[in-house]
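Undergrad: Coordinates only, no sequence provided:
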């Protein structure tokens, strides 16, 4: 099989539309995501909105910035993680984001609830969706372990 280089920018309005819905209209995503993407990429918020509207082609850098800004939201990472593949996790991303271990443990609840929702979905969820939801839970659990080690 020959190697095919993926272009840095590509025209995929379906992904842009899906990202726009997820990042701008989802209750799960904080409203500070679009400014975070702009900061990560060093672009204006207007450019972020233009990309989500499909006026500017998507790039791998944009998808990567969206994954970082959403703390690895599975619905965003799925575009960077084809089925059977997973992004290599940077241990620095698993740094605890809460001041105490108890608060860090409470922070697991939304990811765990999403995981259970995917498992009990009707019709049955795809394996990829289950894996992505599981990865989000593991990410939160890794933060717990790191906080426990910090307090040790």
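TA: Good, I have the coordinates. All of these numbers come straight from a predicted model, not from anything done at the bench.
Undergrad: mind checking how far stretch 117-127 is from the chain centre?
TA: Distance, stretch centre to chain centre, for stretch 117-127: 19 Å (Cα atoms, centre = their mean, to the nearest Å).
Undergrad: before we move on, what about stretch 15-29?
TA: 11 Å.
Undergrad: list the contacts for the nearest residue to residue 132 once chain neighbours are set aside?
TA: Take residue 132 and drop its neighbours on the chain: the residue closest to it by Cβ to Cβ, 6 or more residues apart in numbering is residue 74, 3.2 Å away. Bear in mind the C-beta positions are built from the backbone N, C-alpha and C, glycine included. For residue 74, the contact set (Cβ atoms under 8 Å, 6 or more residues apart in numbering) comprises 114, 129, 132, 133, 135, 136.
Undergrad: Dump those to TSV, plus pLDDT.
TA: Shown next, in TSV, are the contacts of residue 74 (pLDDT from 0 to 100):
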residue	pLDDT
114	90
129	78
132	79
133	84
135	81
136	84
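Undergrad: Which one of those is nearest to residue 40?
TA: Proximity of those to residue 40 (Cβ to Cβ) peaks at residue 136, which lies at 19.8 Å.
Undergrad: out of everything not next to it in sequence, what's closest to the closest one?
TA: Nearest non-adjacent residue to residue 136 (Cβ to Cβ, 6+ apart): residue 111, at 4.5 Å.
Undergrad: That neighbour contacts residue 134, doesn't it?
TA: No: using Cβ atoms under 8 Å, residue 111 is not in contact with residue 134, being 9.4 Å away.
Undergrad: who has more neighbours, these two?
TA: Between residue 111 and residue 134, residue 111 has the larger neighbour count (other Cβ atoms under 10 Å), namely 22 against 15.
Undergrad: So what does the more buried one look like in phi/psi?
TA: For residue 111, the backbone dihedrals are phi -70, psi -40 (criterion: degrees, to the nearest 10).
Undergrad: from now on call the first residue 110
TA: New numbering, starting at 110: the last item is residue 220.
Undergrad: can you pull the pLDDT of it?
TA: According to the prediction, residue 220 has pLDDT 89.
Undergrad: residues in contact with it?
TA: The contact partners of residue 220, by Cβ under 8 Å, 6+ apart, come to 242, 245, 246, 248, 249.
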